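>>> With the sequence up front, the predicted model follows.
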Amino acid sequence: MLQAIKTLRWTQPMRALSTVNTSSGIQGSLSPAAPAPEPDKLYSKLEIELRGIDPAVLKSYTWFATTAAEHLGIEKGKCWSPRKAHHERMTLLKSVHIYKKHRVQYEVRTYFRYMNFHKLTGSTLDTFLEYIERNLPEGVALQASRTELQEIPEHLRQPPEQV
């Protein structure tokens, strides 16, 4: 049985050096025993949120990311965007000291786009995220959250004993 755990930030795994070659050709060991290779992590879902000020750029980048996912063999889920943008308005006085009737209004519209991808391995996820982050256009922000699958601990697998 597997249990889902959701993480918002992802980090690159660090590789430990197990051996070092010296200039004389002799190998020295940094750790007493070479670590056993860890199995690749499994992720059930990757949710990507894109924010930007131009909806055409967001739509184009969504097409780019889904095409990259298809080339990597990643199962694509739902891609959608809200109908309306988030409006933020600021009203300022034209004059610093007087003339309260004369004002200027500024508006910033933020558009959102959401993408879901399913059934990923850890190495595929890291490769895919690094690739789409490197090709992120200007004025677009990306937030990725992933849901990891883990085994249920041994003490939770067995039903509680009857009293």
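Okay, I see it.
>>> And stretch 129-148, end to end?
Using CA to CA, to the nearest Å, the end-to-end distance of stretch 129-148 comes out at 15 Å.
>>> and stretch 97-114, how far from the chain's centre?
Averaged C-alpha coordinates place stretch 97-114 at 31 Å from its chain's average position (CA atoms, centre = their mean, to the nearest Å).
>>> ignore the last one, stretch 47-55
Taking CA atoms, centre = their mean, one finds stretch 47-55 lying 13 Å from the centre of the chain it belongs to.
>>> Check which residues of it are buried.
By 16 or more other CB atoms under 10 Å, the buried positions in stretch 47-55 come out as 47, 48, 50, 52. Every residue, glycine included, has its C-beta placed from N, CA and C.
>>> Narrow the residues you listed to those in strands?
47, 48, 50, 52 (DSSP state E).
>>> what's near enough to touch the first one?
Applying CB atoms under 8 Å, 6 or more residues apart in numbering, one finds that residue 47 lies in contact with 114, 115, 116, 144, 145, 146, 147.
>>> Give me the ChimeraX select line for these, limited to the buried ones.
Filtering the contacts of residue 47 down to the buried ones (16+ other CB under 10 Å) takes a single ChimeraX command:
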select :115,144,146,147
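>>> In this structure, which strand is the longest?
The chain, longest strand under DSSP E: strand 103-121.
>>> tell me the mean pLDDT for that strand?
Here strand 103-121 scores 95 as its mean pLDDT.
>>> buried residues in the helix or strand following that strand?
Next helix or strand after strand 103-121 toward the C-terminus (DSSP states H and E): helix 122-134. Neighbour counts over helix 122-134 (16+ other CB under 10 Å) mark 122, 124, 125, 126, 128, 129, 132 as buried.
>>> what ranges do the strands span in this protein?
Ranges of strands in the chain, per DSSP E, are 2-7, 19-21, 27-29, 42-52, 75-80, 86-93, 103-121, 140-151.
>>> Can you add distance to residue 159 and give these back as CSV?
As requested, those are exported to CSV (distance: least, CB to CB, whole Å):
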stretch, distance to residue 159
strand 2-7, 16
strand 19-21, 47
strand 27-29, 46
strand 42-52, 25
strand 75-80, 34
strand 86-93, 48
strand 103-121, 30
strand 140-151, 17
